[in-house]
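S.K.: Sequence and predicted structure, then a few things I'm wondering about:
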Amino acid sequence: MKCETIFRNLRAEVARRGFEYEDIAKRIGVSDRTLRKYLSGETKIPFTHARKIQRKFFPDLTLEYLFDYPDDEAC
């Protein structure tokens, strides 16, 4: 499923804190393309990668907040 509202909180926090998606991808050990597929909903993000993003970049925020996923009807 591709949906612009997937992970909207994560997207907002990345922008707010000035992080680059390439840096996030590198730090969690995936390609930039893979990360973008995760964020678009094209590929399901593994829990281990979601947890790495949360721990390395947003330790003050919860996984639930960062990876909020809309109901199917929202897309």
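M.R.: Thanks, I have it.
S.K.: Please, where are all the helices along the chain?
M.R.: Using DSSP state H, the helices of the chain run over 8-17, 21-28, 32-40, 47-57, 63-66.
S.K.: so what does the first one touch, helix or strand wise?
M.R.: In terms of contacts (3 or more CB pairs under 8 Å, 6 or more residues apart in numbering; DSSP states H and E), helix 8-17 is packed against helix 47-57, helix 63-66. C-beta here means a position set from N, CA and C on the backbone, and glycine is covered the same way.
S.K.: I'd like the ones you listed written out as a markdown table, with mean neighbour count, mean pLDDT and distance to Arg8 added.
M.R.: Formatted as a markdown table, the helices and strands packed on helix 8-17 follow (neighbours: other CB atoms under 10 Å; pLDDT from 0 to 100; distance: least, CB to CB, whole Å):
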| stretch | mean neighbour count | mean pLDDT | distance to Arg8 |
| --- | --- | --- | --- |
| helix 47-57 | 15 | 97 | 15 |
| helix 63-66 | 14 | 95 | 10 |
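S.K.: May I see those helices organised as a markdown table, with distance to Ser40 added?
M.R.: What follows is these, written out as a markdown table (distance: least, CB to CB, whole Å):
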| stretch | distance to Ser40 |
| --- | --- |
| helix 47-57 | 14 |
| helix 63-66 | 16 |
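S.K.: nearest to Arg11, of these?
M.R.: Shortest distance between Arg11 and the helices and strands packed on helix 8-17, using CB to CB, is found for helix 63-66: 9.6 Å.
S.K.: Show residues contacting the closest one.
M.R.: Helix 63-66 is contacted by residues 7, 9-10, 13, 50-51, 53-54, 58 when judged by CB atoms under 8 Å, 6 or more residues apart in numbering.
S.K.: repeat that for 6 Å
M.R.: Helix 63-66 is contacted by residues 9-10, 54, 58 when judged by CB atoms under 6 Å, 6 or more residues apart in numbering.
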